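**Q** Just the structure for this:
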Amino acid sequence: ETPRVPGEEDQVDVHYNVEEQPSGSIGASVGYQQGTGFVFGANLSQTNFLGTGNRVTIAANRSDIRDSVSFSFLDPYYTIDGVSRGFSLFYQQTDISEDDVISNWASDRFGGNLTFGYPTSDISRLSFGVGFENVTVYASRRSPLQVWSLVGYDLYAANVEGKFTQSEEFTNFPLTGTWSISTLNRGVFATRGSSHSVSLQVSSPGSDLEYFKTSLQSQKYFPLTQDWTLRLRSELGYLDAYGEDELPPFYEHYYAGGFGSIRGYEDRSLGPREIQSAYDFGSPRAIGGNFLAEGSAELIFPMPFVKDSRSFRTMFFVDAGNVFDTHRKDEYGFELDEMRMSAGIALSWITGIGPLSFSLSKAFNDQPGDDVQSFQFSLGQPF
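**A** Residues are numbered from 1 along each chain as shown. Coordinates of the predicted model:
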């Protein structure tokens with residue numbers, strides 16, 4: 001509509017009737033793990049909270065041994081110049097069994113972060129943050145030696161005094177910085193443009209543990225035809241200690257495998273294995289590493305017999321990568337022939353009841369002990 005401005009002969013008001021896109025999402029999950037039991041998860045996100053334009057996210061998970069909850073708030077336009085301000089809070093509690101049966105190590109965490117973001121151009125942004133984190137690490141006789149070392153596990157107290165579960169508390173004050181740039185043509189199912197980010201996290205002086213963690217993430221879309229697009233993705237990450245500490249905390253390790261990483265392998269299952277204690281008779285578990293290198297190539301093509309492909313994405317993909325430990329170079333140092341690979345086909349579908357993602361793949365260069373999963377899926381629910 002274009003009604004005339006009252007009292008003006010050469011001006012009109014332009015009225016638009018718009019229908020707002022769904023600005024929120026809700027996700028739920030349920031699973032079962034041996035020893036842990038049933039695991040329930042839920043998350044709620046609203047990008048236009050009460051019509052203010054602020055973003056609010058709440059997430060919670062519950063199982064027989066672990067409960068966690070997190071909350072985050074972001075005001076993307078804290079100032080008229082586009083400076084953003086946000087904060088987050090998190091809490092995680094673990095119930096580790098004294099008879100060493102349920103878990104071989106665990107941790108409790110609580111803390112928060114305050115962040116500010118500054119636009120450096122129309123397509124790039126620089127953000128800084130300061131945080132507080134309290135971590136209590138629990139170890140048992142079955143815990144790997146990496147955990148024993150951090151906690152200072154006392155075998156005499158365990159075997160003679162019956163103190164099977166021992167713990168150590170750490171308080172850290174992480175400082176973070178991130179630079180990001182994006183020219184993607186849309187936030188979901190992009191077909192053109194690229195996005196890149198570089199981040200650094202450093203535990204500040206006064207922290208119980210001195211370490212730094214940096215990562216580089218990049219993706220780029222190459223339109224081949226009107227319906228076919230090539231997407232390239234890569235990620236590098238490095239973690240290490242500084243100051244008097246020789247090793248970074250193991251609980252900050254990178255992991256690889258699963259959706260968003262290397263499909264065809266179980267989630268967080270690749271990379272260095274734990275150094276087992278004499279009381280652990282099971283197979284060594286993945287404990288992550290301090291160096292991550294992975295990437296993927298995806299050939300996006302239109303879904304057959306579907307005219308409107310805005311809610312669908314089908315692709316052929318090749319994933320490659322792994323996580324390594326530069327402090328255990330003889331066993332898990334970076335080597336190209338240790339890269340795990342997979343190839344397959346994947347489907348993502350935004351439905352009325354939620355986004356669904358499926359992949360069917362074949363693993364390559366997998367080694368004994370790798371947990372291979374040919375079929376994988378994930379589920380969420382928007383509103």
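**Q** alpha carbons only for contacts and neighbour counts from here, please
**A** Noted.
**Q** Give me the phi and psi angles of the residue nearest to the spatial centre of the chain.
**A** Closest residue to the average C-alpha location of the chain: Gly260 at 8.5 Å, with CA atoms, centre = their mean. Dihedral pair for Gly260: phi 80, psi 0, per degrees, to the nearest 10.
**Q** give the contact list for it.
**A** Shown in contact with Gly260 (CA atoms under 8 Å, 6 or more residues apart in numbering): no residues.
**Q** Run through this structure and note the low-pLDDT ranges.
**A** By pLDDT under 70, the low-scoring segments of the chain are 1, 18-24, 29-38, 96-103, 351-354, 379-383.
**Q** and Ser127, what helix or strand is that in?
**A** strand 124-139 (DSSP states H and E).
**Q** quick one: buried residues of that strand?
**A** 124-139 (16 or more other CA atoms under 10 Å).
**Q** Could you point out the longest helix of the chain?
**A** Identified as the longest helix of the chain according to DSSP state H is helix 145-151.
**Q** just checking, what packs against that one?
**A** Under the contact definition 3 or more CA pairs under 8 Å, 6 or more residues apart in numbering; DSSP states H and E, helix 145-151 sits against strand 124-139, strand 166-172.
**Q** Which strands or helices does the strand holding Ser127 pack on?
**A** Judged by 3+ CA pairs under 8 Å, 6+ apart, strand 124-139 is in contact with strand 105-119, helix 145-151, strand 166-172, strand 174-182.
**Q** Kindly recompute the last result at 10 Å.
**A** In this structure, strand 124-139 packs against strand 84-94, strand 105-119, helix 145-151, strand 166-172, strand 174-182, strand 193-203, with contacts taken as 3 or more CA pairs under 10 Å, 6 or more residues apart in numbering; DSSP states H and E.
**Q** Just want the angle from the last one to strand 174-182.
**A** Orientation of strand 193-203 against strand 174-182 (axes from the mean of the first three to the mean of the last three CA atoms, to 10 degrees) gives an angle of 170 degrees.
**Q** Pro355 belongs to a helix, doesn't it?
**A** No. Read with DSSP: H, G, I helix; E, B strand; the rest coil, Pro355 is strand and lies in no helix.
**Q** Double-check it against Gly27; I have them as touching.
**A** Yes. Pro355 sits in contact with Gly27 when judged by CA atoms under 10 Å, with a separation of 9.4 Å.
**Q** angle of the helix or strand hosting Phe212 against strand 193-203?
**A** Following DSSP H and E, one finds Phe212 within strand 211-223. Between the axes of strand 211-223 and strand 193-203, defined by the same axes, to 10 degrees, the angle is 180 degrees.
**Q** in its sheet, what does strand 211-223 sit against?
**A** Using DSSP bridges, strand 211-223 pairs in its sheet with strand 193-203 (antiparallel), strand 229-241 (antiparallel).
**Q** Restrict the longest helix of the chain to CA atoms and write it as CSV.
**A** Only the C-alpha atoms of helix 145-151 are listed here, as CSV (Å, rounded to 0.1, in the frame of the first residue of the first chain):
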residue,chain,number,x,y,z
LEU,A,145,47.4,-42.1,33.2
GLN,A,146,46.7,-38.7,31.6
VAL,A,147,44.0,-38.2,34.2
TRP,A,148,46.1,-39.6,37.1
SER,A,149,48.9,-37.1,36.2
LEU,A,150,46.5,-34.1,36.3
VAL,A,151,44.8,-35.1,39.5
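**Q** what's the following helix or strand after it?
**A** Following helix 145-151 toward the C-terminus (DSSP H and E): helix 155-159.
**Q** centre of the chain versus that following helix, how much separation?
**A** 37 Å (CA atoms, centre = their mean, to the nearest Å).
**Q** residues making contact with that helix?
**A** The contact list for helix 155-159, computed with CA atoms under 10 Å, 6 or more residues apart in numbering, reads Ser140, Arg141, Trp148, Glu161, Gly162, Lys163, Phe164, Thr165, Gln166.
**Q** what's the second one sitting at in phi/psi?
**A** With angles defined as degrees, to the nearest 10, Arg141 shows backbone torsions of phi -60, psi -20.
**Q** in the stretch 201-350 of the chain, which spans are helices?
**A** Remark: helices assigned in the stretch 201-350 of the chain by DSSP state H, counting those that start in this stretch are 329-332.
**Q** any chance you could map the strands in it?
**A** 211-223, 229-241, 291-301, 312-324, 340-351 (DSSP state E, counting those that start in this stretch).
**Q** Pick the most deeply packed of those strands.
**A** strand 312-324 (a mean of 23; mean count of other CA atoms under 10 Å).
**Q** That strand pairs with which strands?
**A** In the sheet, strand 312-324 lines up with strand 291-301 (antiparallel), strand 340-351 (antiparallel) (DSSP bridges).
**Q** Would you mind writing the CA trace of the last one as CSV?
**A** As requested, C-alpha coordinates have been extracted for strand 340-351 and formatted as CSV (Å, rounded to 0.1, in the frame of the first residue of the first chain):
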residue,chain,number,x,y,z
ARG,A,340,41.1,-41.3,8.1
MET,A,341,38.9,-40.9,5.1
SER,A,342,35.3,-41.6,4.0
ALA,A,343,33.1,-41.1,1.0
GLY,A,344,29.4,-41.3,0.6
ILE,A,345,26.1,-39.6,0.1
ALA,A,346,24.2,-37.4,2.5
LEU,A,347,20.7,-35.8,2.8
SER,A,348,19.6,-32.9,4.9
TRP,A,349,15.9,-32.1,5.1
ILE,A,350,14.1,-29.3,6.9
THR,A,351,10.7,-30.7,7.7
